[in-house]
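> Quick one: sequence and predicted model below, then my questions.
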Amino acid sequence: MKRRKGKGIYILPNLLTSISLFAGFYSIVATIDRKFTYAAIAIFISGVFDMLDGRVARMTKSSSRFGVEYDSLSDLIAFGVAPGLLVYIWALKSYGRFGWLAAFLFVACGALRLARFNIQVDTVQKKHFLGLPIPAAAATIAGSVLFYSWLGYMSGFKTVLMPILVYILAFLMVSEVRYYSFKEMGFFKGKPFRSTVTAIMILVIVFIEPQLTLFAGTFAYVLSGPVYTLAMRKKIILEDAARSRESQAEQGGRR
């Protein structure tokens, strides 16, 4: 009975990963059919199930090496290939070779980001992610597509700003910039009632103007990494300066 129960628990997170993979594959199909809004929504849906599979695996203590590898392969397709193809056909195709090379750079940096995450997940990346997570980078592209549709396709920003954005996202994924991981959230663990109310309020805000709020939320997270990293470096510099002053004061007192 224990063995059967264990196998059933292991199936659940892998099933959620499969749903995330399915949503990513549908995004590719929708992009080929030039249904860009549907493709962007599918990436967000894939992100939701990608977040759930990890949490379910940790809650049920059913994490496995197979699940980790399967999740990484799914992420590469859903958050690497799918948004790369989406941004190429949607905004970069007019640039020709430079357009598809920018899309390839996004996919390649996403693959490198996943490989680095897999070897550092138990050491460096517990409370913070080293580099922009690939689901966040994919959500930023998807959020841009939705925001453009919210503007009524009246703005021509995509042909000018999207190549720059793709290069920035690719760089951030393989950078040393730290991002908050949301894995250890004491507020949600210690205060279930308040956390439930907060989650409901967030959903209400998102559904008021989903295109605008998703776009703003993804960009805010992308910007949070550089801001947090600069703040931490400034704090370290100030602490080192304070220690240096204390050391000099002690040496002066001894003299």
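Nice, I can see it. Numbering: from 1, shown residues only.

> what's the least confident helix or strand in this protein, going by average pLDDT?
Within the chain, confidence by mean pLDDT, DSSP states H and E is lowest for helix 186-190 among all helices and strands, at a mean of 53.

> export the next helix or strand after that helix as CSV, just CAs?
As assigned by DSSP states H and E, the chain's next helix or strand after helix 186-190 is helix 192-208. Extracted as CSV, the C-alpha positions of helix 192-208 are listed here (Å, rounded to 0.1, in the frame of the first residue of the first chain):
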residue,chain,number,x,y,z
PRO,A,192,-3.3,31.8,6.6
PHE,A,193,-6.3,34.1,6.9
ARG,A,194,-4.5,37.3,6.0
SER,A,195,-2.7,35.5,3.2
THR,A,196,-6.0,34.2,1.8
VAL,A,197,-7.4,37.7,1.8
THR,A,198,-4.2,39.1,0.2
ALA,A,199,-4.4,36.4,-2.5
ILE,A,200,-8.0,37.3,-3.3
MET,A,201,-7.3,41.0,-3.5
ILE,A,202,-4.4,40.3,-5.9
LEU,A,203,-6.7,38.3,-8.1
VAL,A,204,-9.3,41.0,-8.1
ILE,A,205,-6.7,43.6,-9.1
VAL,A,206,-5.5,41.4,-11.9
PHE,A,207,-8.9,40.7,-13.3
ILE,A,208,-9.9,44.4,-13.3
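
> Now do the helix or strand just after helix 192-208 against helix 192-208, angle only.
Of the helices and strands lying after helix 192-208 in sequence (DSSP H and E), the nearest is helix 210-254. With axes from the mean of the first three to the mean of the last three CA atoms, to 10 degrees as the basis, helix 210-254 and helix 192-208 are set at 130 degrees to each other.

> Could you measure from the closest residue to residue 102 other than its chain neighbours over to residue 86?
Closest residue to residue 102 apart from its sequence neighbours, by CB to CB, 6 or more residues apart in numbering: residue 166 at 4.9 Å. Every residue, glycine included, has its C-beta placed from N, CA and C. Distance, residue 166 to residue 86, using CB to CB, to the nearest Å: 11 Å.

> Common neighbours of the two, please.
Overlap of the contact sets of residue 166 and residue 86 (by CB atoms under 8 Å, 6 or more residues apart in numbering) consists of residue 141.

> Residue 99 is in contact with residue 93, correct?
Yes. Applying CB atoms under 8 Å, one finds residue 93 in contact with residue 99, separated by 5.6 Å.

> Look at those two and report which has more neighbours.
When residue 93 and residue 99 are compared for neighbours, residue 99 comes out ahead with 20 against 13, by other CB atoms under 10 Å.

> Isn't residue 70 up against residue 15?
No. In this structure, residue 70 is not within contact of residue 15 by CB under 8 Å, at 10.8 Å.

> So which of these two has more stuff around it?
Between residue 70 and residue 15, counted using other CB under 10 Å, residue 70 has the larger neighbour count: 17 against 13.

> quick one: the more buried one and residue 172, what's the gap?
On the measure of CB to CB, residue 70 and residue 172 end up 25 Å apart.

> swap in residue 103?
The gap separating residue 103 from residue 172 is 16 Å, by CB to CB.

> between these two, which one's more packed in?
Neighbour comparison, residue 103 and residue 172: the larger count goes to residue 103, with 26 against 21 (by other CB under 10 Å).

> where are the low-confidence patches of the protein?
Scanning the chain with the threshold set as pLDDT under 70 gives 1-9, 121-126, 153-156, 183-193, 195, 249, 251-255.
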